[in-house]
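A.B. asks: Just to be clear, the model below is a prediction. Sequence and coordinates:
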Amino acid sequence: MKGEFMNDERYTRGWAKLKEVDGQAGENVIESLKDIAPDFARLIIEFPFGDIYSRPGLDLKVRELAVVAALTAMGNAAPQLKVHIHGARNVGCTQQEIVEGAAIGDATGWLVPAIESA
């Protein structure tokens with residue numbers, strides 16, 4: 001998969017960031033998509049990792065904690081949450097930081113809708 005887009009700066013930047021965040025687990029996700037959804041695999045590398053994760057302003061720990069919180073708030077993304085918990089650990093988040101990020105997401109996921117419906 002990687003060889004097909006080596007001249008694309010955005011893809012190359014995203015591939016490097018994916019490996020930095022998720023290591024082999026991230027590569028495995030992309031590999032699992034290459035035969036069934038290669039365009040989707042490319043978009044995952046280019047947009048979140050090539051564009052968003054590569055922006056200045058937040059370090060990778062904060063970015064991963066934000067994703068853990070968001071996925072927890074969604075309440076229906078367990079496989080993605082598992083990948084991003086691994087990513088958070090991989091970039092240096094402690095178990096306590098991950099638990100706190102998930103707690104924020106959990107509270108936001110049920111508390112905000114409850115307030116809005118009251």
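C.D. replies: Received, thanks. Treat the numbers as computed from the prediction; the structure is a model and nothing was measured. Numbers count the residues shown, from 1 in each chain.
A.B. asks: When you work out contacts or count neighbours from here on, use the C-alpha atoms and nothing else.
C.D. replies: OK.
A.B. asks: Tell me which residue lies nearest the centroid of this protein.
C.D. replies: residue 84 (5.2 Å; Cα atoms, centre = their mean).
A.B. asks: Quick check: that one touching residue 66?
C.D. replies: No. Using Cα atoms under 8 Å as the test, residue 84 is too far from residue 66 to be in contact (9.9 Å).
A.B. asks: how far away is the residue nearest to the centre of the chain from residue 96?
C.D. replies: Counting by Cα to Cα, to the nearest Å, the gap from residue 84 to residue 96 is 15 Å.
A.B. asks: Give me the residues contacting stretch 85-95.
C.D. replies: 20, 21, 22, 23, 60, 61, 64, 65, 68, 98 (Cα atoms under 8 Å, 6 or more residues apart in numbering).
A.B. asks: and the closest residue to the first one other than its chain neighbours, what are its phi and psi?
C.D. replies: When you say that, I think you mean residue 20. Once flanking residues are discounted, residue 20 sits nearest to residue 91: 7.6 Å by Cα to Cα, 6 or more residues apart in numbering. Residue 91 adopts backbone torsions of phi -100, psi 10, taken as degrees, to the nearest 10.
A.B. asks: which regions of this protein lie under the pLDDT threshold?
C.D. replies: Where the chain drops to pLDDT under 70, the residues are 1-7.
A.B. asks: Next SSE downstream of the strand or helix carrying residue 10?
C.D. replies: Applying DSSP states H and E as the criterion places residue 10 in helix 9-33. Counting by DSSP H and E, the element after helix 9-33 in chain order, helix or strand, is helix 38-44.
A.B. asks: Could I get the buried residue list for that following helix?
C.D. replies: Buried residues in helix 38-44, counted by 16 or more other Cα atoms under 10 Å: 41, 42, 44.
A.B. asks: Brilliant, that's me finished.
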